[in-house]
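Q: starting from these lines, generate the structure:
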Amino acid sequence: MKTIVTPRRTKIVATLGPASSDEKTLASMIEAGLDVVRMNFSHGTAKEHASRVEMVRALARKAGRAVGVLVDLQGPKIRIGRFKNDRVNLDTGDKFVLDAERKIGDAGGVGLDYKNLPQDVTPGDTLLLDDGRIVLAVTKVQGARIHTVVEQGGPLSNNKGINRKGGGLTAPALTEKDMEDIKTAARLKADYLAVSFPRSGADIQWARDLMLKAGGRSLICAKIERAEAITALAEILDASDSVMVARGDLAVEVGDAVVPALQKRMIRMARERNKIVITATQMMESMINNPIPTRAEVSDVANAVLDGTDAVMLSAETAAGSFPVETIAAMARVCLEAEKEDTFAVERRRTDFPESVEEAIARATIFTSNSLNIKAVAALTQSGKTALLMSRMNSKVPVYALSSVIETRRRVTLFRGVYPIAFKGARDPETALNMAEDELLKRGAVHRGDYIVLTIGEPFGKAGGTNTMKIVKVGEHRKA
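A: So this is what the prediction gives:
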């Protein structure tokens, strides 16, 4: 009898860039286990992004796969300007001026892309440049000029980012560029839209409104990067569909030692609220230049999996690295091993009672699957909602989302433990069951005689939520 291989539950998001934009590399990345592509709108043109999305979807169709698309907005990246010789070296104790009116910088000071920074800081504040590599203490503010003393020096080059320790910068979450990019994301039919540097639930709703106005249906992902976002985490989660633990800028603002515990809290809170969660930043950073990860990187990825993250994300590793395919393969390998650890812990939820019929069915399905010898769940779905609810609960039983809606199949590529299957639909429940069995048998997910759980909505064929769960022995109900 053919052995059933349990599919990887944790999904892999990979950023596209110069190292991963040719057809051969992309095809190999999909084969290696890529689930969702991240389009980083901080770089490239709308035309370049559209070309990459078209290539990804064509290659996914050829491979018989669904691959999701996440558009990541640049947001209000607060940066210094440029230097006369492209870089300077700052020594501890040097005086250095950040000047909103200055055009070209030198060893004494530099201009600002974000002109309102002088209004956001006061003497005694600490400014962190280049992801915290340069530390400046603010001594005084005079008009457009911020006078500082270098507390931690080193080389500083053009256009490096600025963070205020503890947060508090007032730049809005969406820039004019972001608003135009949302229109582009809508035209590309992006499955997810990531909002950079949100401070409140209102920022997420703002992006959602603009997406809907542009005719798009992207789910909204909140990137947690600001100190203020931690204080407002509950309302941001409630306003969004997904959250990204964006550990880079967040670590600069709150301190690197704080981030691991925050990561665990964010993942737990997201799952409690039935939200999707992505863990990101430097997960396999060394593989930009090396064909194997460090042991610390392996542990980092594995711990995110054990925390319950839906997905782990690669940035420069696949966008600009020398080993994009090998990096995805390594990450997939680590996820699979981590998933072998027992995950049947009791979920902590906001309430002991389900909030909808769909959630009641989802809970019953996962409880039954964990209690009996169930090999697979077949969820017939139009929106993917029931499959999402199932994925919030701990189980090693795979959930197959059978849907005729391509957008739904692409969305569920980010749901932990959920796998999309194209399903043409059926006239009645009996035919639907037969078709679902055939699909699972064809994929080797089950054998005849195995038990599966089928979830559907009745009356069958009408739009509406899932309200029925059925336990089926594969092949038993068919006539000989």
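
Q: report the central residue of this structure.
A: I278 (3.8 Å; C-alpha atoms, centre = their mean).

Q: I'd say it and V243 touch.
A: Yes: using C-beta atoms under 8 Å, I278 is in contact with V243, at 7.4 Å. Bear in mind the C-beta positions are built from the backbone N, C-alpha and C, glycine included.

Q: how is this structure partitioned into domains?
A: 11-75+173-338, 82-164, 357-473 (automatic domain parsing).

Q: out of those, which gets the lowest mean score?
A: Between the domains of the chain, the one with the least mean pLDDT is domain 357-473; it has a mean of 91.

Q: what separates that one from the chain centre, distance-wise?
A: 23 Å (C-alpha atoms, centre = their mean, to the nearest Å).

Q: ends of it, how far apart?
A: 25 Å (C-alpha to C-alpha, to the nearest Å).

Q: what does stretch 138-157 give?
A: Distance between the two ends of stretch 138-157: 20 Å, counting by C-alpha to C-alpha.

Q: mind listing what's buried in that stretch?
A: Neighbour counts over stretch 138-157 (16 or more other C-beta atoms under 10 Å) mark 138, 141, 144-148, 150, 153, 156 as buried.

Q: mind listing which of the residues you listed are in strands?
A: Residues of those located in strands (DSSP state E): 138, 141, 145-148, 150, 156.

Q: any idea how far K84 is from D203?
A: 37 Å (C-beta to C-beta, to the nearest Å).

Q: ah, wrong one, I meant I80
A: 24 Å.

Q: then C221?
A: Distance, C221 to D203, by C-beta to C-beta: 12 Å.

Q: of these two, who's got more company?
A: C221 (28 against 24; other C-beta atoms under 10 Å).

Q: about what we covered before: list the contacts of the residue nearest to the centre of the chain.
A: If you count contacts by C-beta atoms under 8 Å, 6 or more residues apart in numbering, I278 has them with 13, 221, 242-245, 309-313, 414.

Q: element containing it?
A: strand 276-280 (DSSP states H and E).

Q: list the strands paired with that strand, with their directions.
A: Strand 276-280 sits in its sheet next to strand 242-246 (parallel), strand 311-314 (parallel), going by DSSP bridges.

Q: where do the strands sit along the stretch 1-150 of the chain?
A: With DSSP state E, counting those that start in this stretch as the definition, the stretch 1-150 of the chain shows strands at residue ranges 11-15, 36-40, 68-72, 82-83, 87-90, 95-99, 104-105, 109-111, 126-129, 134-142, 145-152.

Q: okay, now the closest residue to A329 other than its chain neighbours: neighbour count?
A: In space, and not counting its chain neighbours, A329 is closest to A32: 4.5 Å by C-beta to C-beta, 6 or more residues apart in numbering. A32: 19 surrounding residues under other C-beta under 10 Å.

Q: and if you look at V53?
A: 21.

Q: what's the spacing between it and I30?
A: Counting by C-beta to C-beta, the gap from V53 to I30 is 14 Å.

Q: next one: V334
A: Going from V334 to I30 by C-beta to C-beta gives 19 Å.

Q: any shared contact partners between C221 and D203?
A: Shared contacts of C221 and D203, defined by C-beta under 8 Å, 6+ apart, comprise V195.

Q: for the buried residues of stretch 138-157, give me JSON lines that also has distance to A378.
A: Converted to JSON lines, the buried residues of stretch 138-157 look like this (distance: C-beta to C-beta, whole Å):
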{"residue": "V138", "distance to A378": "60"}
{"residue": "V141", "distance to A378": "63"}
{"residue": "A144", "distance to A378": "63"}
{"residue": "R145", "distance to A378": "65"}
{"residue": "I146", "distance to A378": "60"}
{"residue": "H147", "distance to A378": "66"}
{"residue": "T148", "distance to A378": "61"}
{"residue": "V150", "distance to A378": "62"}
{"residue": "G153", "distance to A378": "60"}
{"residue": "L156", "distance to A378": "57"}
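
Q: check those residues and tell me the two furthest apart.
A: A144 and G153 (24.0 Å; C-beta to C-beta).

Q: please identify the buried residues of stretch 417-425?
A: Counting neighbours by 16+ other C-beta under 10 Å, stretch 417-425 gives 417-421, 423 as buried.

Q: cool, stretch 56-67 as well?
A: For stretch 56-67, by 16+ other C-beta under 10 Å, it's 56-57, 59-60, 65-67.

Q: before we move on, what about stretch 194-209?
A: 194-201, 203-204, 206-208.

Q: which residues sit against it?
A: The contact list for stretch 194-209 (C-beta under 8 Å, 6+ apart) reads 38, 70-77, 171-174, 178, 182, 193, 220-226, 228-229, 232, 235-236, 238-240, 244, 246, 249.

Q: tell me the strands beside the helix or strand where A376 lies, with direction?
A: Taking DSSP H and E as the criterion, A376 maps to strand 374-380. Using DSSP bridges, the strands paired with strand 374-380 are strand 399-403 (parallel), strand 451-456 (parallel).

Q: after that strand, which helix or strand is next?
A: Next along the chain from strand 374-380, counting by DSSP H and E, comes helix 385-391.

Q: elements contacting that following helix?
A: Other helices and strands packing on helix 385-391, by 3 or more C-beta pairs under 8 Å, 6 or more residues apart in numbering; DSSP states H and E, are helix 357-371, strand 374-380, strand 399-403, strand 418-422.

Q: just the CA atoms of the third one, as CSV, please.
A: C-alpha atoms of strand 399-403 as CSV (Å, rounded to 0.1, in the frame of the first residue of the first chain):
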residue,chain,number,x,y,z
VAL,A,399,-7.6,20.2,5.8
TYR,A,400,-8.3,20.2,2.0
ALA,A,401,-10.2,23.3,0.9
LEU,A,402,-12.1,22.3,-2.2
SER,A,403,-13.3,25.4,-4.0
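
Q: still on that earlier bit, format the strands paired with strand 276-280 as JSON lines; extra columns: mean neighbour count.
A: Formatted as JSON lines, these follow (neighbours: other C-beta atoms under 10 Å):
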{"stretch": "strand 242-246", "mean neighbour count": "27"}
{"stretch": "strand 311-314", "mean neighbour count": "26"}
